[in-house]
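Q: sequence first, then the predicted structure:
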Amino acid sequence: MMHLAKRVFRQTWNDKRSVMMILFAPLLILTLVYFLLGNSDYVPTVGVDPTSIPTKIVDALEEQELKMKDLSSEDVENPKTYLEEHQEVDAIFNYSLDLGMEITMFESSTKGGKAANEIQEAMSSLNPAAKVTTSFVFGDQEQSTFDSLGFVFLALFSFFLVFIISGMALVRERSGGTLERLLMSPIKRGEVILGYTLGYGIFAIIQSIFIVLYSVYILDLPSAGNIGLVMLTMVLLAITAVSFGATISIFSNSELQVVQMIPFTIIPQVFFSGLIPLDLIPYNLGNLCYLMPIYYGASAIKGVMVYGHGIGDIWIYLLALLGYALVLYMVNTQALRKFRRL
């Protein structure tokens, strides 16, 4: 038994990737979570019309941790229109004798929630029984967490599952000798990568369409826009995932090594998929989202399903996914020649 244990320990110790995954991957992920989910010094911005509310309310708001932006009475009376055009304002506070106190936010988010909490604390300091009505430009208070974050899970499931299947399958093809035999034929390396991408891409397309239809028509996930655009985004995201999986597999010698790369390649993308407001992440780490393909897919899906955007609003995200897939294709072609010397 001890000899077996020693042999297993030596084999694992000599596998540097296994050691990295066991010892350093948890530290990397915990550090990332610390920065992303730690206390944020973000100060929300609240729009008010100081001429239409009592001075004591203005004074109470000024004592809170928020920035007050003076708005005209017309802007305050039409808060949804204003917030659509000025998303740097997290909430608009309105007070009238007829309607009472109202808070309008762009959507249900951490930033809007922080602004609403500061306003409610200010009102409670004046009158503990004060009631404040809350409304949103997009969404409502009664929607479930799944309804508000469903677009994130659509992107994550599509990307992650396709990545695993394509990455492991290509490693298996190479370890079984199939890839080597293909490269000994007149077929070019670029054609091999393209063939694998298209082959697994077909299943990725079927999966994407199936997930969208099931979520919208069976699970009643609300969509303010055309679900055809959601499917298109999911397809492009899935094709990018196939290319991403191929990239990882080229630098891996076994299925185990593909799995070992997940903490470094997939898990960080979860935090930049829309679960956390990027501008709340300290040290400007939110800018890392532009390196993550999941960001572009999730942003496009959110634009369609939550905001009702059309192709003219999300084309930049779709173009980014196409560009990402093209870059990965070129990397895969070069890496297959350089690192495997086939």
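A: Noted; the coordinates are in hand.
Q: ok, residues contacting the helix or strand hosting Val46?
A: Assigned by DSSP states H and E, Val46 belongs to strand 45-48. By C-beta atoms under 8 Å, 6 or more residues apart in numbering, the list of residues contacting strand 45-48 from outside reads 58, 61, 66-71, 75-76, 79, 82, 86, 88-94, 115, 118-119. C-beta here means a position set from N, CA and C on the backbone, and glycine is covered the same way.
Q: partners of it, with directions?
A: Here strand 45-48 has these sheet partners by DSSP bridges: strand 67-70 (parallel), strand 91-96 (parallel).
Q: show the low-confidence segments of the protein, by residue range.
A: 1-9, 11-13, 15-29, 32-33, 35-40, 97-99, 140-143, 173-187, 189, 336-342 (pLDDT under 70).
Q: can you dump the C-alpha atoms of the strand holding Val46 in CSV for me?
A: Extracted C-alpha coordinates of strand 45-48, given in CSV (Å, rounded to 0.1, in the frame of the first residue of the first chain):
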residue,chain,number,x,y,z
THR,A,45,-25.2,58.8,-8.3
VAL,A,46,-28.8,59.9,-7.6
GLY,A,47,-30.6,62.4,-9.7
VAL,A,48,-33.0,64.9,-7.9
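Q: and whatever helix or strand comes next after it with strand 91-96, angle?
A: Sequence order places helix 55-62 as the next helix or strand after strand 45-48, per DSSP H and E. With axes from the mean of the first three to the mean of the last three C-alpha atoms, to 10 degrees defining the directions, helix 55-62 sits at 170 degrees from strand 91-96.
Q: CA atoms only for helix 55-62, dumped as PDB, please.
A: Extracted C-alpha coordinates of helix 55-62, given in PDB (Å, rounded to 0.1, in the frame of the first residue of the first chain):
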ATOM      1  CA  THR A  55     -34.900  71.200   2.200                       C
ATOM      2  CA  LYS A  56     -34.700  68.700   5.100                       C
ATOM      3  CA  ILE A  57     -34.900  65.800   2.600                       C
ATOM      4  CA  VAL A  58     -32.100  67.400   0.500                       C
ATOM      5  CA  ASP A  59     -30.000  67.700   3.700                       C
ATOM      6  CA  ALA A  60     -30.700  64.100   4.600                       C
ATOM      7  CA  LEU A  61     -29.600  62.900   1.200                       C
ATOM      8  CA  GLU A  62     -26.400  64.900   1.300                       C
END
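Q: check which helices and strands the helix or strand where Trp315 lies is in contact with.
A: Using DSSP H and E, the element containing Trp315 is helix 311-338. For helix 311-338, the packing partners by 3 or more C-beta pairs under 8 Å, 6 or more residues apart in numbering; DSSP states H and E come out as helix 189-213, helix 227-250, helix 293-305.
Q: quick one, domains of the protein?
A: When the chain is parsed with automatic domain parsing, its domains come out as 2-37, 45-136, 145-338.
Q: need these in CSV (columns: mean neighbour count).
A: Putting those into CSV (neighbours: other C-beta atoms under 10 Å) gives the following:
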stretch, mean neighbour count
domain 2-37, 12
domain 45-136, 16
domain 145-338, 18
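Q: okay, the strands paired with strand 45-48 in CSV with distance to Tyr42 next?
A: Shown next, in CSV, are the strands paired with strand 45-48 (distance: least, C-beta to C-beta, whole Å):
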stretch, distance to Tyr42
strand 67-70, 10
strand 91-96, 13
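Q: Gln269 reaches Cys289, doesn't it?
A: No: applying C-beta atoms under 8 Å as the test, Gln269 and Cys289 come out as separate, 9.0 Å apart.
Q: which SSE is Thr133 in?
A: strand 132-136.
Q: tell me which helix or strand comes right after that strand.
A: Defined by DSSP H and E, the subsequent element after strand 132-136 is helix 145-175.
Q: which strands or helices does that next one pack on?
A: Applying 3+ C-beta pairs under 8 Å, 6+ apart, one finds that helix 145-175 contacts helix 178-183, helix 189-213, helix 227-250, helix 255-260, helix 293-305.
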